[in-house]
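Engineer: when you get a sec, could you give me coordinates for this:
(chains A and B)
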Amino acid sequence: MAVSLYALALVLILLATAAFIVYLVGQKKSIYRWAYRLLLAGFVFFTLFIAHEYYALGVAPVLTLKSSLSFFAWTILLVYLLFHLKFRLMVLGSFVAPLAACLLILSSALGAGDVTVKPLFRSLWLPVHIGTAFLGNGFLAVTFVAGIMYLLQESQIKKKRLGSLHARLPSLQTLDSINHYALISGFTFMTLGMITGSLYAQQALGSYWRWDPKEVCSLVAWFFYAVLLHERLTVGWRGRRAALLSILGFAVLVLAFAGANLWLSDYHSFRNMGGQPG
Amino acid sequence: MIRIVNIGMSHETAPVELRECLAKDPGHAERALSMMRDLACIKEGFFLSTCNRVEALFTTEQTEEAKSSVLALLSRLGGLPSESLSSSLFVHEDRGAVHHIFRVASSLDSMVIGEPQILGQIKEAYSRAVKEKTTGVILNRLLHRAFHTAKRVRTETGISDAAVSVSYAAVELAKKIFHDLKGKKVLLIGAGEMAELAARHLVSQGVSGITVANRTFEKAVGAAQTFKGRPVSFEEIGAQLLEVDIVIASTAAPGYVITRDQVKGSMRRRRNRPLFFIDIAVPRDVEPEVNDVENVYVYDIDDLKGIIQVNLSQREEEAVKAERIVEEEVLKFDQWLKTLEAVPTIVSLKDKAETIRQAELKKSLSSLGTLSPAQLKTLETLTLSITEKILNDPILFLKQKADRPSGKTYLDTARRLFGLDRENGEEVEYGSQQNDRESEKEH
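Structural biologist: Got it, this is the predicted structure:
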């Protein structure tokens, strides 16, 4: 059943992505409505799949690169849907859906392998740590997407070459406020993720902080976002600079996520989690 | 046979002096309509008069007579000899007339393609004609289809999407920067027609306050009054740059009024809130390098004209799509017009069946004795459904064939087959009136 749920979710989300891209090109509202419905349906099946995995495995399904990539995609979609409720911005889906779809394709291309769950992970701290940290990642992924959209729109206005993208993309103000909200929420959840992580470590391993490469990378990313948020709120780092730094910050975050988990890490590495190496 | 004819002049066929002559009197449209109503050869009439066109649209059975009467009408309206008019007039007939009026309503025949006013003007002219009771089945339908076509063109093509005037293009740009202009503040430096037009557009978008700066303070006070704004002196511009979001500059100053350093300095104190300069002045008021400052956007008159040029060529591309929609709608209207020809036959067919039914029912009832109300009702239903069911297929057939070339033959055959022309003319006349009422219900 898990396999068919996953396949169904994957197909629906890929179809939604295609429809979102068609909408971006053709600007037909009916296409957009279908894209949104497909994405919503895909998200529902995706949620069921993750719930099923959780139930079957007994712990949060994030112990392999495969499953954590797909969980990442799920949080991005969740954040997109939340933002959709607030901004009702149709074109955002055309940029977010491809990102989620890429992660999903990457995830489904990886082999599943067997997972032996170490007793370390049989703790309620794991889903809390993972849930908050990934939700933070999801929000920060939206700042990344909004940042790209901002730079595209801004350069068209600045260079006075108003192409077809200019008409399709929302106003700079809208993109900047998406960036603003996503940054605040993303940073909050990221902080919560780090706090719960260190509490978890204290309980499971006996110390709050172990200078694990993943922890160091995350801390770097956290400082980066802390500075960005601080400057934004006090000095007014908005617009182009905020967009650029959001893109850069997300790159650091991805590095922390993938690099540290795959090659550098100690106990954050998938190899040591009992899952297959990526 | 009824024909639709359209006679008129537009910006393409007649110079403005001539169009003015026809439209000089404010009540001329009503006068034209009542004159058309008085003409016996004209069945239905509609009169459109805007600054770019004067047109009469009518239906008639005596085409040539009606055309010369309308020409006489126009020459009387303009106080000009009809010979001097006729060279500037266009005449469209039947499908051509339908096509023309659909194109006009869709703003494809306008001076600026895609401009939205024309549809409102046609609607106004139509309600005038309805008030004067000069339109009937055909023109009512025709104009409603014209509105429908215009709506389709507007929603299905991008013909009126992009701005084609400098001030409107500036407002569109401001919206792409600030999203919502409500509560935004505007600084107007210098005065001028185009700058004031842009300011007026911005006010209609809900900007909260306009500040006016001018070298001569009295002028600033005067301009500020028209926008209910606040006048400031020229020296206060620097301070204003910290407050406002949009600056419209149009002074006659030979040098730059706004410099890069000045803007760069104020951006820090503005906490980087975006600033949009619309520089309509020639020579320019805003140093071009101001555009390099982060979150500052400068558009001068040439930039705005460049945008308009692109938009205009886009409109022309969209116009091709719009022409296809017009063609489609003309075809549909044509089909409807042809089914109209079948209506009198269908009505007299129904009338004949009903007369026979009533007569036969009367005869039978006298020999049946007293019947209960339920029995009477059954008998009524029985006879009705027999006649209806027998006539159903012939009527459907006639309606389907009406818009084919062979339609006339079928109508003729049907009339002979059912002996419809043997009845007196009065009943046929009655039938066509009923048909008018039926067709009007469709709207």
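Engineer: can you list the low-confidence ranges for the chain?
Structural biologist: Since no chain was named, I'll use chain A. Low-confidence segments of chain A (pLDDT under 70): A:112-116, A:260-267, A:269-278.
Engineer: wrong one, chain B
Structural biologist: Scanning chain B for pLDDT under 70 picks out B:422-443.
Engineer: so for it, the centremost residue is which one?
Structural biologist: Nearest to the mean C-alpha position of chain B, by C-alpha atoms, centre = their mean, lies residue B:119 at 1.8 Å.
Engineer: so is it in a helix, a strand, or just coil?
Structural biologist: Three-state call for residue B:119 (DSSP: H, G, I helix; E, B strand; the rest coil): helix.
Engineer: ok, now which ones touch it?
Structural biologist: When contacts are counted by C-beta atoms under 8 Å, 6 or more residues apart in numbering or on different chains, residue B:119 touches B:105-107, B:147, B:150. Just so you know, the C-beta spots here come from the backbone N, C-alpha and C atoms, and that holds for glycine as well.
Engineer: do the same with residue B:355
Structural biologist: Counting by C-beta under 8 Å, 6+ apart, residue B:355 has no contacts.
Engineer: any idea how far it is from residue B:124?
Structural biologist: 46 Å (C-beta to C-beta, to the nearest Å).
Engineer: how many other residues sit next to the residue in the stretch 1-150 of chain B that chain A sits nearest to?
Structural biologist: Ranked by C-beta to the nearest C-beta, the top residue of the stretch 1-150 of chain B for proximity to chain A is residue B:114, at 15.1 Å. Using other C-beta atoms under 10 Å in any protein chain shown, residue B:114 is surrounded by 26 other residues.
Engineer: now do the strands in chain B.
Structural biologist: All strands of chain B, identified by DSSP state E, fall at B:3-10, B:42-49, B:53-60, B:90-93, B:185-189, B:209-214, B:230-233, B:246-249, B:275-279, B:296-300.
Engineer: generate JSON lines for those, with distance to chain A and mean neighbour count as supplementary columns.
Structural biologist: Listed next are these as JSON lines, based on distance: least, C-beta to the nearest C-beta, whole Å; neighbours: other C-beta atoms under 10 Å in any protein chain shown:
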{"stretch": "strand B:3-10", "distance to chain A": "31", "mean neighbour count": "22"}
{"stretch": "strand B:42-49", "distance to chain A": "33", "mean neighbour count": "24"}
{"stretch": "strand B:53-60", "distance to chain A": "31", "mean neighbour count": "25"}
{"stretch": "strand B:90-93", "distance to chain A": "35", "mean neighbour count": "16"}
{"stretch": "strand B:185-189", "distance to chain A": "15", "mean neighbour count": "25"}
{"stretch": "strand B:209-214", "distance to chain A": "18", "mean neighbour count": "23"}
{"stretch": "strand B:230-233", "distance to chain A": "25", "mean neighbour count": "16"}
{"stretch": "strand B:246-249", "distance to chain A": "13", "mean neighbour count": "28"}
{"stretch": "strand B:275-279", "distance to chain A": "9", "mean neighbour count": "27"}
{"stretch": "strand B:296-300", "distance to chain A": "6", "mean neighbour count": "23"}
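Engineer: next, give me the two most distant ones among the contacts of residue B:119.
Structural biologist: Within those, two members stand farthest from each other by C-beta to C-beta: B:107 and B:147, at 12.3 Å.
Engineer: show me which of these two is the more surrounded one.
Structural biologist: Between residue B:107 and residue B:147, counted using other C-beta under 10 Å, the more crowded position is residue B:107 (25 against 16).
Engineer: which residues does the more buried one contact?
Structural biologist: B:113-116, B:118-119, B:150, B:153, B:159-160.
Engineer: find the closest residue to chain A in the stretch 101-250 of chain B.
Structural biologist: At 3.8 Å from chain A, residue B:179 is the closest residue in the stretch 101-250 of chain B, using C-beta to the nearest C-beta.
Engineer: again with the stretch 201-350 of chain B
Structural biologist: Residue of the stretch 201-350 of chain B nearest chain A, by C-beta to the nearest C-beta: residue B:271 (2.9 Å).
Engineer: isn't that residue right next to residue A:239, touching?
Structural biologist: No - counting by C-beta atoms under 8 Å, residue B:271 does not reach residue A:239; the two are 10.9 Å apart.
Engineer: fine, thanks again, bye for now.
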